[in-house]
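J.: What follows is a protein structure lacking sequence information:
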């Protein structure tokens, strides 16, 4: 039986620094290398400057420059998986289909680190399973 492997490098792109930091800690705890960016331009610049791969892109689809970023990464880093932070506005992109949607916590819901770690681990498993099919 083949064991599924979680993505190694996870880029988290969102304009909420606290959320990016917190989500990065959870992905790191789940065994990934999490790298943050606050804008799409910053993410592309860092990916190219640091010369690191993109296995999984966790992205706020409402950020300016999302479509251009996905087109750029799609041609230079083919094969990465996309997870959206919340639902995408229409129209979004036909080039890369998201593997999952990660809903950010609402302001009124208590945030449980353990529950979110479980959510991140499940997300990684689901993405790996979808990639293997």
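T.: On my side now, so go ahead. What you are looking at is a predicted structure, and each value in this text was computed from that prediction instead of being measured.

J.: Ramachandran angles for the residue nearest in space to the middle of the chain?
T.: In the chain, the residue lying closest to the centroid (C-alpha atoms, centre = their mean) is residue 58, at 1.2 Å. With angles defined as degrees, to the nearest 10, residue 58 sits at phi -100, psi 110.

J.: Could you do the one 10 residues further on as well?
T.: When quoted as degrees, to the nearest 10, the phi and psi of residue 68 stand at phi -60, psi -40.

J.: for it, what are its contacts?
T.: For residue 68, the set of contacting residues under the criterion of C-beta atoms under 8 Å, 6 or more residues apart in numbering consists of residue 40. For the C-beta atoms, the positions are set from N, CA and C on the backbone; glycine is no exception.

J.: That one and residue 127, how far apart?
T.: Counting by C-beta to C-beta, to the nearest Å, the gap between residue 68 and residue 127 amounts to 23 Å.

J.: Repeat that for residue 121.
T.: According to C-beta to C-beta, residue 121 stands 11 Å off from residue 127.

J.: the more surrounded of the two?
T.: A side-by-side neighbour count of residue 121 and residue 127, using other C-beta atoms under 10 Å, places residue 127 first with 23 against 16.

J.: Double-check that that one belongs to a strand.
T.: No: remark: residue 127 does not belong to a strand; assigned using DSSP: H, G, I helix; E, B strand; the rest coil, it is helix.

J.: Residue 28 touches residue 34, doesn't it?
T.: Yes: taking C-beta atoms under 8 Å as the definition, residue 28 is a contact partner of residue 34 at 5.0 Å.

J.: Out of those two, name the residue with the larger neighbour count.
T.: In this comparison of residue 28 against residue 34, neighbours counted by other C-beta under 10 Å, the higher total goes to residue 34 at 21 against 14.

J.: secondary structure element for the more buried one?
T.: Assigned by DSSP states H and E, residue 34 belongs to strand 33-37.

J.: Direction included, what does that strand pair against?
T.: For strand 33-37, sheet partners with direction are given as strand 9-13 (parallel), following DSSP bridges.
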